[in-house]
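Student: the sequence and its predicted three-dimensional model are supplied below.
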Amino acid sequence: MTVLLVALGAAFGAPARYLVDRAVGPRRFPYGTMIVNVAGSFVLGWAATALDTKSGAYALVGTGFCGALTTYSTFGYETVRLAESGEHGKALLNVIVSIALGSAGAYLGFLAA
Amino acid sequence: MNPGTRMLARTCGVVAIGGVAGALARYGLGVLIPTRPDAFPWTTFAINVLGCLALGALVPLVGTHAVLRPLLGTGVLGGFTTFSTYMVDIQRLVRHGEPELAAAYLAGTAILALSAAYLGGFLMRRLR
């Protein structure tokens, strides 16, 4: 049952990330990934506090949806791509701002629970 | 449905299928190799570093292929790796009185995952 709830959450989380990135459009800075990572950190901060992490609700919202909505691989790839195209400042900014806003999001989620 | 909408719906379906596969792999690893809430999250650490290595290697292989890129890149590897768990685990470690471990995890993941993303692309471009 838990497996199905993780799958269901991910079936919404991954396309939601794709649609947000597509709506933001091609930019010189990876805002789309940053938006989903910060939003997902907020929701997971809430879910990890408000829900029992062994529950089906957490499997759906936390492990499935937030896990698939947010991504480290695209964050890493986009950062490396910025650095390789000579945009070292933007690459560093992407790492610092993603972690700072993601942490703030997770903390706000914790407070909201 | 106009062709653009149909194409978008199809890509979303492909991303969803890949995302489910990636998320289940991440969930399965978490069940097989659980980590205590006050310990270094090795499983998520390994998932994020491996996922970055794989995406770095995948992009030179598939480029902007209409199915393989959304299926394997956006879907599988996007669903496999997670930024939200990384953020929440760092705060959990701080709340468990392990700020040094939290800082080591924060910096360790960022440095190794970004290096892996670079290395994956570098090695794949050399091999091809």
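Tutor: Great, that's in hand. Since we're looking at a predicted model, the values are computed, not measured.
Student: local confidence estimate at the residue nearest the centre of chain B?
Tutor: Centroid-nearest residue in chain B: residue B:81, 2.1 Å away (criterion: Cα atoms, centre = their mean). Looking at residue B:81, its pLDDT is 98.
Student: can you give me the neighbour number for the single nearest residue of chain A relative to chain B?
Tutor: With Cβ to the nearest Cβ, the shortest gap between chain A and chain B falls at residue A:14, namely 2.4 Å. Where C-beta positions appear, they are placed from N, C-alpha and C, glycine not excepted. Neighbours of residue A:14 under the rule other Cβ atoms under 10 Å in any protein chain shown: 33.
Student: ok, residue B:21 next?
Tutor: 19.
Student: and the host helix or strand of it, is it in reach of chain A?
Tutor: Applying DSSP states H and E as the criterion places residue B:21 in helix B:3-32. Yes: legend: contact between helix B:3-32 and chain A by Cβ under 8 Å from any Cβ of the partner chain is shown at B:8, B:11-13, B:15-16, B:18-20, B:22-24, B:26-27, B:30.
Student: in the helix or strand hosting residue B:107, what's buried?
Tutor: For residue B:107, the element it lies in under DSSP H and E is helix B:99-127. Within helix B:99-127, the residues scored as buried using 16 or more other Cβ atoms under 10 Å in any protein chain shown are B:101-102, B:105-106, B:109-110, B:112-121, B:124.
Student: close to chain A, is that helix?
Tutor: Yes: using Cβ under 8 Å from any Cβ, helix B:99-127 comes into contact with chain A via B:106, B:109, B:110, B:113, B:114, B:116, B:117, B:118, B:121.
Student: quick check, nearest of the residues you listed to chain A?
Tutor: residue B:117 (3.6 Å).
Student: name the nearest residue to that closest one, sequence neighbours excluded.
Tutor: residue A:76 (3.6 Å; Cβ to Cβ, 6 or more residues apart in numbering or on different chains).
Student: would you agree that neighbour is in contact with residue B:52?
Tutor: Yes: with contact defined as Cβ atoms under 8 Å, residue A:76 counts as touching residue B:52 (3.8 Å).
Student: show residues contacting the strand or helix carrying residue B:57.
Tutor: Take DSSP H and E as the rule and residue B:57 turns out to sit in helix B:42-62. For helix B:42-62, contacts defined as Cβ atoms under 8 Å, 6 or more residues apart in numbering or on different chains pick out A:72-74, A:76-77, A:80, B:26, B:29-30, B:33-35, B:68-69, B:72-73, B:77, B:80-82, B:85-86, B:89, B:105, B:108-109, B:112-114, B:116-125, B:128.
Student: and the next helix or strand past that helix?
Tutor: helix B:68.
Student: tell me, how many residues neighbour the residue of chain B found nearest chain A?
Tutor: Per Cβ to the nearest Cβ, residue B:19 is where chain B lies closest to chain A, at 2.4 Å. Residue B:19 is flanked by 36 other residues according to other Cβ under 10 Å.
Student: next, the contact list for residue 99, please.
Tutor: If you meant another chain, say so; for now it's chain A. B:87, B:106, B:110 are the contacts of residue A:99 under Cβ under 8 Å, 6+ apart.
Student: the intended chain is chain B.
Tutor: residue B:93.
Student: what about the longest helix seen in chain A, average pLDDT?
Tutor: Secondary structure of chain A per DSSP state H: the longest helix is helix A:88-112. Taken as a whole, helix A:88-112 carries a mean pLDDT of 98.
Student: mind listing what's buried in that helix?
Tutor: A:90-91, A:94-95, A:98-99, A:101-103, A:105-107, A:109-110.
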